[in-house]
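[1] Quick one, fold the following:
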Amino acid sequence: MFRFSQFITESKYHKIFEKISDDDIEFLLYLVHDKSHVMDNTRPIPNMERVLKLTKRLAILPRLYRGLHTKDIEVFKKHMEDEEEYFPDRYQSFSEDLKVAQKFSKGIIYTSNDNHAGFPYSHFLEWYYTNLKQTDPEEYEDQDGDGILKDNEKEWIFPMDNYYRIEKITKKGKFWMVDGTNRN
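    Okay, here's the model as predicted:
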């Protein structure tokens, strides 16, 4: 793991990223390769909780998308009909890119223009690897910085206590489009 003595490249969120500890940076970098080993959906993960705490009050401007399984459509319809929030009770990953959500989708695309408290994971990776390339090109190559930046999913990670307010459900081609609001 490499810690910069000075940050050369700034990001829209660099003031948040500079507050992340070495251990938490290492945790975030590991997520690039495998989320299943570090994202236990039955309990909060301390590293993830510390990182998400930094963005607790962050309002996110881009429209975000999440691919979901068709079996959940009845759950979403019921929550919308009853005007109840839907609590997934696990960490959630969203993308700024509809095509990424479609790649992960099993029939449902959840969309939201109104999001709060997510961590800009892809922005973090861009910031980290851009700085690494400028400060230690050899380490950048060893970590396959070019490959990681090329495969950018424009990803945001949301906390376990995040919830959705379902506002509209429509069928668009082969996908159910579920429009809502992300809150924490």
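
[2] now for the lowest-mean-pLDDT helix or strand in the chain, which elements pack on it?
    Within the chain, no helix or strand scores below strand 59-60, which has a mean of 75 by mean pLDDT, DSSP states H and E. Secondary-structure packing of strand 59-60 (3 or more C-beta pairs under 8 Å, 6 or more residues apart in numbering; DSSP states H and E): strand 107-116. (Each C-beta comes from the backbone N, C-alpha and C, glycine too.)

[3] For the strand it packs on, give me every contacting residue.
    For strand 107-116, the external contacting residues (C-beta atoms under 8 Å, 6 or more residues apart in numbering) are 57-60, 63-70, 72-73, 76, 94, 98, 101-102, 156, 158, 164, 174-184.

[4] ends of stretch 148-167, how far apart?
    35 Å (C-alpha to C-alpha, to the nearest Å).

[5] That one: which residues count as buried?
    By 16 or more other C-beta atoms under 10 Å, the buried positions in stretch 148-167 come out as 148-149, 152-160, 162-166.

[6] likewise stretch 31-51?
    31-32, 45, 47-48, 51.

[7] Now render these as CSV, adding secondary structure and distance to Asp23.
    CSV is the format used below for these (DSSP: H, G, I helix; E, B strand; the rest coil; distance: C-beta to C-beta, whole Å):
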residue, secondary structure, distance to Asp23
Leu31, coil, 13
Val32, coil, 16
Ile45, coil, 12
Asn47, helix, 7
Met48, helix, 12
Val51, helix, 10
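
[8] Show me what the very next helix or strand once past the least confident helix or strand of the chain is packed against.
    For strand 59-60, the following helix or strand on the C-terminal side (DSSP states H and E) is strand 64-69. With contacts defined as 3+ C-beta pairs under 8 Å, 6+ apart, strand 64-69 has these neighbours: strand 92-95, helix 98-104, strand 107-116.

[9] These: which one's closest to Glu126?
    strand 92-95 (14.2 Å; C-beta to C-beta).

[10] And the average pLDDT for that closest one is what?
    Per-residue pLDDT over strand 92-95 has a mean of 90.

[11] and it, what other elements does it pack with?
    strand 64-69, strand 155-158.

[12] Need the residues that contact that strand.
    Looking at strand 92-95 with C-beta under 8 Å, 6+ apart, the contacting residues turn out to be 35, 64-66, 101, 112, 115, 118, 121, 153-158, 162, 182.

[13] again, only using 10 Å
    Outside strand 92-95, the residues that touch it by C-beta atoms under 10 Å, 6 or more residues apart in numbering are 31, 35, 39, 41, 60, 62-68, 100-104, 110-112, 115, 118, 121-122, 152-160, 162-164, 182.

[14] now stretch 168-177
    Against stretch 168-177 from outside (C-beta under 10 Å, 6+ apart): 65, 67-68, 70, 72-73, 76-77, 79-81, 98, 101-102, 105-111, 178-180.
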